[in-house]
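[1] Any chance you can model this:
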Amino acid sequence: METKDRKRRFINNECNHIYQRTVNGFLIFYDREDYLVSYMILSVMARKYNVTLLKICFMIDHIHMLIDAPSREIMAAFMRDYSSVFIHEYNISIGRSGQMLHKSYGSAPKKGEKKTRSTIIYIGNNPVEKKLCIRAEDYRWNFLKYFVDDCPFSVRISLAESSRPLRRCIKIVKSTSKSNAYLNYTRLRDMFGTLSESEQEYLTDYMIMSYFPFDKDRLLSYYEDWNQMVEAMHSTAGSEHDIKEVFSSGSDRIYDEMVRYVKDEKKIWPVRSVTVLPFEQKMILFNELRIHTGAAPYEIKKFLHLK
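    I've put the predicted structure just below:
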């Protein structure tokens, strides 16, 4: 049965495409910590509300999800709690206040296999469209490779031969995910700070698999198998006509360049703390980013949260 109010349609037992954008189109995801905290909170809230997640894609300034919620009210509560908890953790990690995500999110029910498949492809190809990767599955925060490989972006490390800090971190992740709790920024920073680069990559994969929230069988039921799904993403962009998404032309790779400059040259960490710099310092950094990265003024404003 389809229900709707002035803003939102909902169809029972059908998938809904969720689109949530940042306030003013500002960046929200700067580095691994941001993606992981958001991902873990989503996973925890999905379990809490019995929401089925089929697809997630985190972009620098917006989020796409394909979900199946028991009711429109539960879908709203799931999104409300995810947004409020994530932004609370984000804010206290850098001493800021205020909203980062729009309270109102876009949603559109997808009735029938054809529309659902098109939406899956559309969501999966977001990072391809923004030149973050050549193939959809190569973008880590698309989570596609985790459907067929539990260690796709790192070298597998045998626990018997791993360092004591890595074993400690894995024990913490295992215990926390089992309790349906998430790790906040402070815990992540403490954990990653004890590990080598290869161990950090392995722990990231381990965290993603430990909190893996997706209904793999249901997602792949729309295709013959995983290979057919990604081949479909390679051959077509998919479509979305039911949600008013804000589009910006150009590549998002320039933001990776700015992140590297801020982290490596300016030694600002965490990178998201650029959002709370005094205005005078932001303007100095604005000029440096123009010179050293070649970013356009509107891209730097987006990066530094300058209106």
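[2] can you give me the strands in the stretch 101-250 of the chain?
    106-110 (DSSP state E, counting those that start in this stretch).
[3] Can you give me the distance of residue 274 to residue 286?
    The gap separating residue 274 from residue 286 is 10 Å, by C-beta to C-beta, to the nearest Å. C-beta: built from backbone N, CA, C; applies to glycine.
[4] Name the residues contacting each of those two.
    Common neighbours of residue 274 and residue 286, using C-beta atoms under 8 Å, 6 or more residues apart in numbering, are residue 304.
[5] Neighbour count: those two, which is higher?
    residue 274 (22 against 16; other C-beta atoms under 10 Å).
[6] List the residues that contact the more buried one.
    Contacts of residue 274 by C-beta under 8 Å, 6+ apart are 30, 262, 268, 282, 285, 303-305.
[7] Pull out the buried residues from stretch 45-59.
    Residues 45-46, 49, 51-59 are the ones in stretch 45-59 that count as buried (16 or more other C-beta atoms under 10 Å).
[8] Kindly reformat those as CSV containing pLDDT and distance to residue 232.
    Formatted as CSV, the buried residues of stretch 45-59 follow (pLDDT from 0 to 100; distance: C-beta to C-beta, whole Å):
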residue, pLDDT, distance to residue 232
45, 98, 29
46, 98, 25
49, 97, 30
51, 97, 25
52, 97, 21
53, 98, 20
54, 98, 15
55, 98, 13
56, 98, 18
57, 98, 15
58, 98, 21
59, 98, 20
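[9] Looks to me like residue 16 is in a strand.
    Yes: according to DSSP: H, G, I helix; E, B strand; the rest coil, residue 16 belongs to a strand.
[10] Tell me the spacing between residue 25 and residue 83.
    For residue 25, the distance to residue 83 - C-beta to C-beta - is 16 Å.
[11] sorry, that was for residue 281
    For residue 281 relative to residue 83 (C-beta to C-beta), the value is 29 Å.
[12] Likewise for residue 209?
    25 Å.
[13] Neighbour count for those two, which is higher?
    It is residue 83, of residue 209 and residue 83, that has more neighbours when counted by other C-beta under 10 Å, with 21 against 15.
[14] Return the residues in contact with that one.
    Contacts of residue 83 (C-beta under 8 Å, 6+ apart): 20, 101, 103, 105.
[15] Now do the contacts for the second one.
    Residues in contact with residue 101, defined by C-beta under 8 Å, 6+ apart, are 20-23, 28, 63, 83, 86-87.
[16] Thanks a lot, see you next time.
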